[in-house]
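Asker: how would this look folded up:
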Amino acid sequence: MNRMHSKVTSGRRWLGLAVGATLIGAAVVTELRKPAATRTWEGRIASRIPYDLRPPTFLRARDRLWNPGDRRIVVPTVFGVGWTINFGRLLMPWVAELPN
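Answerer: The predicted structure follows:
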């Protein structure tokens, strides 16, 4: 049983790596197809999956990871392809209940 579990886990890991590498490659190709003057290194793949390949900054990380003012719980990632959790919005009901 343990051996079978190991094979399944290994297969899922490789599948995840392949999907991730494909999405990052698609984001890079999307940007390289643009004229150099218009490359922003952020956007969407197939108008659906967000990517941001700019160097991360503290302000952008804070805005995406802890922003109670943003109504969305799932937001574009700080760096890379996909989404992340806006913990400020997710935890807002509990944080508001904390005593001062």
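
Asker: which helices and strands sit right next to the helix or strand hosting residue 15?
Answerer: Per DSSP states H and E: residue 15 is located in helix 2-32. Other elements packing on helix 2-32 under the criterion 3 or more CB pairs under 8 Å, 6 or more residues apart in numbering; DSSP states H and E are strand 42-45, strand 49-52, strand 80-81. The way it works is simple: take the backbone N, C-alpha and C, and place the C-beta from them, glycine included.

Asker: what residues of it count as buried?
Answerer: 23, 24, 27, 30, 31 (16 or more other CB atoms under 10 Å).

Asker: pretty sure residue 84 is in a strand, no?
Answerer: Yes. With DSSP: H, G, I helix; E, B strand; the rest coil as the criterion, residue 84 is part of a strand.

Asker: quick one: contacts for it?
Answerer: 64, 65, 74, 75, 76, 77, 78 (CB atoms under 8 Å, 6 or more residues apart in numbering).

Asker: will you turn those into TSV that also has neighbour count and distance to residue 16?
Answerer: Shown next, in TSV, are those (neighbours: other CB atoms under 10 Å; distance: CB to CB, whole Å):
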residue	neighbour count	distance to residue 16
64	23	22
65	15	22
74	11	19
75	17	21
76	19	19
77	17	15
78	17	19
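
Asker: pick out the most distant pair among these.
Answerer: The span of those, defined through CB to CB, is set by 74 and 78 at 13.3 Å.

Asker: confidence score at residue 7?
Answerer: We have a pLDDT of 69 for residue 7.

Asker: I'd like the distance between the residue lying closest to residue 69 once chain neighbours are set aside and residue 55.
Answerer: Excluding its sequence neighbours, the residue lying closest to residue 69 (CB to CB, 6 or more residues apart in numbering) is residue 88, at 7.8 Å. Residue 88 sits 23 Å away from residue 55, going by CB to CB, to the nearest Å.
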